[in-house]
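In: Give me a model of this one.
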Amino acid sequence: MFSYCTEPDTLARLEWLSCFLTTGKHLSFYASFGTVLALLAITAPVALLFGFGGATAARASLWPVRMLGKIYISVVRGVPDIAFFMFFVIALDQGFEWLRHQVKCPEWTDPIRQGNDFIVCAAAKLPLNTDPQWMHEVYGFLIAVLTFAIVFGAFAANIIFGAMNAVPRGQLETAEAYGFSPRQTFWRILVPQMWRYALPGLSNLWMILIKSTPLLFLLGVEDIVYWARELGASKTARFTDYPHGDWRMWYFLALLVFYLAFTKLSEVVLERVMRRLNSGQAVVPTSGKAAA
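Out: Numbering: from 1, shown residues only. Below you'll find the model as predicted:
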């Protein structure tokens, strides 16, 4: 905050705006853009790992493993995202605390579930009540990352599963004829070739993941949507040094510009990756060219 911001009521319009846009809450608003980018940077590879594991399991020769992979893909994809986010986060958090409770408080005799309340000993809480605020925020962020990764990993698994099936069977049979083991065929033939079939679907999934980041607000993470609503709502002189009307439209317009710019950048990068993957690939000629 600038030195002349001590008396906001005496400031000219531009000076008042410069002070208003550099308050502590606005700095938290600007930092929340980094939270969204960090979520995307961490969630994307983790979701891809979930997806690759789910797709591999769905193709496994062992029936229990194959069914586990298909159940994961079908169930998670079939549940609405909002319902899954609202339920799974609570269940996951309580599951962690229940496990810690069994280890740290074996002498506890009272029931953990008491009506609608979930009560564990203080030592089993995650994070502990005595932990600093940043640990609570990091824990909530990691829970959000895990939830996003599981949800979008199921969609990625379905895409990768289809891409693996799209690799021509003749390629795999040729590898087997040359003496490749099933493991070698999978890692040296199937996996490298399936990416060019999977990338279009994964590109769409990446765009959906970007548009789904406002769900962080539902998970208790103070993201850009939370701060846009908080800062843009009407403020009076009774509650703030910088009173203003309802400015939410302008804050959400800034979010619109951010998301459009980020998705456009993503499209450019993904298009270049797609061209690189397709370079050198044989293309089946059209009927007209073939006839010529």
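
In: Which strand residues bridge His118?
Out: Wrong residue type there; residue 118 is Phe, not His. Arg113 (DSSP bridges).

In: and Tyr226, how many neighbours does it have?
Out: If you count neighbours by other C-beta atoms under 10 Å, Tyr226 ends up with 18. Using the backbone N, CA and C atoms, a C-beta is placed for each residue, glycine as well.

In: I'd assumed Thr35 was in contact with it.
Out: No - assessed by C-beta atoms under 8 Å, Tyr226 is found out of contact with Thr35, at 10.0 Å.

In: Pull up the overlap in contacts between the two.
Out: Leu216 (C-beta atoms under 8 Å, 6 or more residues apart in numbering).

In: List the buried residues in whichever strand or helix holds Ala38.
Out: Per DSSP states H and E, Ala38 falls inside helix 24-58. Neighbour counts over helix 24-58 (16 or more other C-beta atoms under 10 Å) mark 26, 29, 32-33, 35-36, 39-40, 42-44, 46-48, 50-58 as buried.

In: what does stretch 157-165 give?
Out: Going by neighbour count (16+ other C-beta under 10 Å), the buried part of stretch 157-165 is Ala157, Asn158, Ile159, Ile160, Phe161, Ala163, Met164.

In: Check what pLDDT the residue lying closest to the first one once chain neighbours are set aside gets.
Out: What sits nearest to Ala157 in space, not counting adjacent residues and going by C-beta to C-beta, 6 or more residues apart in numbering, is Gly54, at 3.1 Å. At Gly54 the predicted local confidence, pLDDT, stands at 94.

In: Likewise for Pro200?
Out: Looking at Pro200, the pLDDT reads 90.

In: what's the closest non-adjacent residue to it?
Out: Pro200 sits nearest to Met274 (C-beta to C-beta, 6+ apart), 7.3 Å away.

In: Pull the contacting residues for the one you found.
Out: Arg196, Leu199, Pro200, Ser203.

In: Ok, Phe161 next?
Out: Gly54, Ala55, Ala58, Arg59, Ile73.

In: Could you double-check that the third one sits in contact with Gly69?
Out: Yes - Ala58 lies in contact with Gly69 (C-beta under 8 Å); the separation is 3.5 Å.

In: Need the overlap of contacts for the two.
Out: Taking C-beta under 8 Å, 6+ apart as the criterion, Ala58 and Gly69 both touch Ala157.

In: coming back round to it: secondary structure class for the residue nearest to Pro200?
Out: On the three-state scheme (DSSP: H, G, I helix; E, B strand; the rest coil), Met274 is labelled helix.

In: try Trp108
Out: At Trp108 the chain is in coil, as set by three-state DSSP.

In: Please list all residues in contact with it.
Out: Listed by C-beta under 8 Å, 6+ apart, the contact partners of Trp108 are His101, Val120, Cys121.

In: would you turn the contacts of Phe161 into a markdown table with distance to Trp247?
Out: As requested, the contacts of Phe161 are exported to a markdown table (distance: C-beta to C-beta, whole Å):
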| residue | distance to Trp247 |
| --- | --- |
| Gly54 | 44 |
| Ala55 | 46 |
| Ala58 | 49 |
| Arg59 | 52 |
| Ile73 | 43 |
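
In: give me the number of residues near the nearest residue to Gly245 once chain neighbours are set aside?
Out: Leaving aside its sequence neighbours, Gly245 sits nearest to Ser234 (C-beta to C-beta, 6+ apart; 5.5 Å). Close neighbours of Ser234, defined as other C-beta under 10 Å, add up to 11.

In: which among the contacts of Met274 end up buried?
Out: By neighbour count, with 16+ other C-beta under 10 Å, those hold Arg196, Leu199, Ser203 as buried.
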